[in-house]
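1. need a 3D model of the following:
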Amino acid sequence: MIVFNRGMLSLEQISDRLEIQQLLIDYSTAIDQKRFGDLDAVFTPDAYIDYSVTGGIEGQFPQVKAWLKEVLPNFPAYYHMLGNVDIRISGDTATSRAICFNPMVMGGEAGQIYFVGIWYVDEFVRTEHGWRMSRRVEEKCFDKLL
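-> Numbering: from 1, shown residues only. As a prediction, this is how the structure comes out:
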(Lines give C-alpha, C1' and ligand atoms only; values in the text may rest on other atoms or scores of the structure.)
Protein backbone atom coordinates (compact mmCIF):
# COMPACT_ATOMS: atom_id res chain seq x y z
CA MET A 1 0.00 0.00 0.00
CA ILE A 2 1.02 3.57 -0.68
CA VAL A 3 0.04 6.12 1.95
CA PHE A 4 -1.04 9.63 0.92
CA ASN A 5 -2.24 12.39 3.21
CA ARG A 6 -5.76 11.17 2.41
CA GLY A 7 -5.04 7.66 3.67
CA MET A 8 -3.92 4.40 2.15
CA LEU A 9 -4.61 3.49 -1.46
CA SER A 10 -5.49 -0.02 -2.57
CA LEU A 11 -3.76 -1.64 -5.53
CA GLU A 12 -6.90 -1.00 -7.60
CA GLN A 13 -6.84 2.71 -6.71
CA ILE A 14 -3.15 2.92 -7.60
CA SER A 15 -3.83 1.13 -10.89
CA ASP A 16 -6.75 3.46 -11.69
CA ARG A 17 -4.59 6.53 -11.03
CA LEU A 18 -1.77 5.23 -13.21
CA GLU A 19 -4.20 4.41 -16.03
CA ILE A 20 -5.70 7.90 -15.90
CA GLN A 21 -2.25 9.53 -15.78
CA GLN A 22 -1.27 7.49 -18.85
CA LEU A 23 -4.45 8.65 -20.59
CA LEU A 24 -3.36 12.27 -20.02
CA ILE A 25 0.04 11.45 -21.51
CA ASP A 26 -1.57 9.59 -24.43
CA TYR A 27 -3.63 12.70 -25.21
CA SER A 28 -0.55 14.95 -25.24
CA THR A 29 1.45 12.48 -27.32
CA ALA A 30 -1.33 12.11 -29.90
CA ILE A 31 -1.67 15.88 -30.26
CA ASP A 32 2.08 16.62 -30.27
CA GLN A 33 2.81 13.93 -32.85
CA LYS A 34 -0.27 14.79 -34.94
CA ARG A 35 -1.61 11.24 -34.56
CA PHE A 36 -5.23 12.31 -34.24
CA GLY A 37 -6.59 8.79 -34.72
CA ASP A 38 -4.95 7.87 -31.39
CA LEU A 39 -7.42 10.19 -29.67
CA ASP A 40 -10.11 7.52 -30.21
CA ALA A 41 -8.46 5.56 -27.37
CA VAL A 42 -8.45 8.64 -25.11
CA PHE A 43 -12.01 10.01 -25.40
CA THR A 44 -15.45 8.45 -25.25
CA PRO A 45 -17.25 8.83 -28.60
CA ASP A 46 -19.65 11.38 -27.05
CA ALA A 47 -17.05 13.32 -25.04
CA TYR A 48 -17.52 17.07 -24.63
CA ILE A 49 -14.40 19.21 -25.22
CA ASP A 50 -14.07 22.97 -24.68
CA TYR A 51 -10.96 24.79 -25.96
CA SER A 52 -12.69 28.17 -26.21
CA VAL A 53 -10.60 30.03 -23.60
CA THR A 54 -7.60 29.82 -25.94
CA GLY A 55 -9.50 30.69 -29.12
CA GLY A 56 -10.49 27.15 -30.05
CA ILE A 57 -13.87 25.51 -30.36
CA GLU A 58 -16.14 23.57 -28.06
CA GLY A 59 -18.28 20.60 -28.94
CA GLN A 60 -18.48 16.83 -29.16
CA PHE A 61 -15.36 14.74 -29.73
CA PRO A 62 -15.84 13.96 -33.47
CA GLN A 63 -16.27 17.65 -34.32
CA VAL A 64 -13.31 18.74 -32.19
CA LYS A 65 -11.09 15.95 -33.53
CA ALA A 66 -11.78 17.10 -37.12
CA TRP A 67 -10.99 20.69 -36.11
CA LEU A 68 -7.67 19.63 -34.51
CA LYS A 69 -6.67 17.79 -37.69
CA GLU A 70 -7.37 20.92 -39.70
CA VAL A 71 -5.86 23.58 -37.43
CA LEU A 72 -2.81 22.10 -35.71
CA PRO A 73 -0.75 21.44 -38.86
CA ASN A 74 -0.63 25.26 -39.23
CA PHE A 75 1.73 25.38 -36.24
CA PRO A 76 5.24 24.18 -37.18
CA ALA A 77 6.12 23.22 -33.59
CA TYR A 78 4.41 22.85 -30.23
CA TYR A 79 4.33 20.57 -27.22
CA HIS A 80 2.36 19.88 -24.04
CA MET A 81 4.02 19.60 -20.63
CA LEU A 82 1.72 18.47 -17.81
CA GLY A 83 2.13 18.80 -14.07
CA ASN A 84 0.34 19.09 -10.73
CA VAL A 85 -2.05 16.30 -11.71
CA ASP A 86 -4.78 15.91 -9.09
CA ILE A 87 -6.91 12.82 -9.73
CA ARG A 88 -10.05 12.03 -7.72
CA ILE A 89 -11.68 8.64 -8.28
CA SER A 90 -15.19 7.65 -7.23
CA GLY A 91 -16.07 4.14 -8.35
CA ASP A 92 -16.27 4.05 -12.15
CA THR A 93 -15.93 7.82 -12.61
CA ALA A 94 -13.08 10.21 -11.93
CA THR A 95 -12.07 13.83 -12.24
CA SER A 96 -8.70 15.47 -12.62
CA ARG A 97 -7.17 18.90 -12.78
CA ALA A 98 -3.74 19.26 -14.36
CA ILE A 99 -1.69 22.24 -15.42
CA CYS A 100 -0.42 22.33 -18.99
CA PHE A 101 2.34 24.51 -20.42
CA ASN A 102 1.87 24.63 -24.20
CA PRO A 103 4.27 26.84 -26.24
CA MET A 104 3.32 27.01 -29.93
CA VAL A 105 5.35 28.42 -32.83
CA MET A 106 3.26 30.65 -35.06
CA GLY A 107 3.94 32.14 -38.50
CA GLY A 108 6.42 29.64 -39.88
CA GLU A 109 9.74 28.35 -38.58
CA ALA A 110 11.03 31.87 -37.80
CA GLY A 111 7.71 32.99 -36.33
CA GLN A 112 6.62 34.12 -32.93
CA ILE A 113 5.99 31.84 -29.98
CA TYR A 114 2.60 31.79 -28.30
CA PHE A 115 3.01 30.70 -24.67
CA VAL A 116 -0.12 29.15 -23.20
CA GLY A 117 -0.65 28.11 -19.59
CA ILE A 118 -3.92 26.32 -18.96
CA TRP A 119 -5.57 23.97 -16.53
CA TYR A 120 -7.18 20.86 -17.97
CA VAL A 121 -10.32 20.09 -15.98
CA ASP A 122 -11.30 16.57 -16.98
CA GLU A 123 -13.89 13.90 -16.27
CA PHE A 124 -13.35 10.19 -16.89
CA VAL A 125 -15.46 7.07 -17.03
CA ARG A 126 -14.41 3.43 -16.78
CA THR A 127 -15.47 1.60 -19.96
CA GLU A 128 -15.11 -1.96 -21.18
CA HIS A 129 -11.91 -0.72 -22.90
CA GLY A 130 -10.51 0.93 -19.75
CA TRP A 131 -10.66 4.53 -18.59
CA ARG A 132 -11.72 7.13 -21.16
CA MET A 133 -12.07 10.89 -20.96
CA SER A 134 -15.70 12.00 -21.19
CA ARG A 135 -15.17 15.74 -20.72
CA ARG A 136 -12.26 18.18 -21.09
CA VAL A 137 -12.54 21.89 -20.37
CA GLU A 138 -9.60 24.28 -20.48
CA GLU A 139 -9.28 27.03 -17.88
CA LYS A 140 -6.79 29.77 -18.76
CA CYS A 141 -3.91 30.69 -16.47
CA PHE A 142 -2.11 32.91 -18.98
CA ASP A 143 -1.18 33.38 -22.61
CA LYS A 144 1.49 35.59 -24.12
CA LEU A 145 2.71 36.13 -27.65
CA LEU A 146 6.47 36.74 -27.90
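2. buried residues in the strand or helix carrying residue 8?
-> In this assignment (DSSP states H and E), residue 8 forms part of strand 7-9. Of all the residues in strand 7-9, those buried under the rule 16 or more other C-beta atoms under 10 Å are residue 9. Bear in mind the C-beta positions are built from the backbone N, C-alpha and C, glycine included.
3. so for it, mean pLDDT?
-> Predicted confidence along strand 7-9 averages 79 (mean pLDDT).
4. so that it lines up with my notes, have the first residue be 159 from now on.
-> Sounds good: first residue 159 from here, last item strand 165-167.
5. what helices or strands is it leaning on?
-> With contacts defined as 3 or more C-beta pairs under 8 Å, 6 or more residues apart in numbering; DSSP states H and E, the packing partners of strand 165-167 are strand 160-162.
6. low-scoring pLDDT stretches of this structure, where are they?
-> For the chain, applying pLDDT under 70 flags the ranges 159-164, 266-268.
7. all strands of it, in order?
-> For the chain, applying DSSP state E gives strands covering 160-162, 165-167, 201-208, 216-218, 239-248, 251-259, 262-264, 270-285, 288-303.
8. quick one: which of these is nearest residue 180?
-> Taking C-beta to C-beta as the criterion, strand 288-303 is the member of these that comes nearest to residue 180, at 8.7 Å.
9. describe which strands the closest one pairs with in its sheet and in which direction.
-> Sheet pairing for strand 288-303, assigned by DSSP bridges, gives strand 201-208 (parallel), strand 270-285 (antiparallel).
10. export the ones you listed as CSV, with columns for mean neighbour count and distance to residue 175.
-> As requested, the strands paired with strand 288-303 are arranged in CSV below (neighbours: other C-beta atoms under 10 Å; distance: least, C-beta to C-beta, whole Å):
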stretch, mean neighbour count, distance to residue 175
strand 201-208, 18, 19
strand 270-285, 17, 11
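11. residue 190: which of the ones you listed is closest?
-> Nearest to residue 190 among the strands paired with strand 288-303 is strand 270-285; the distance by C-beta to C-beta comes to 13.5 Å.
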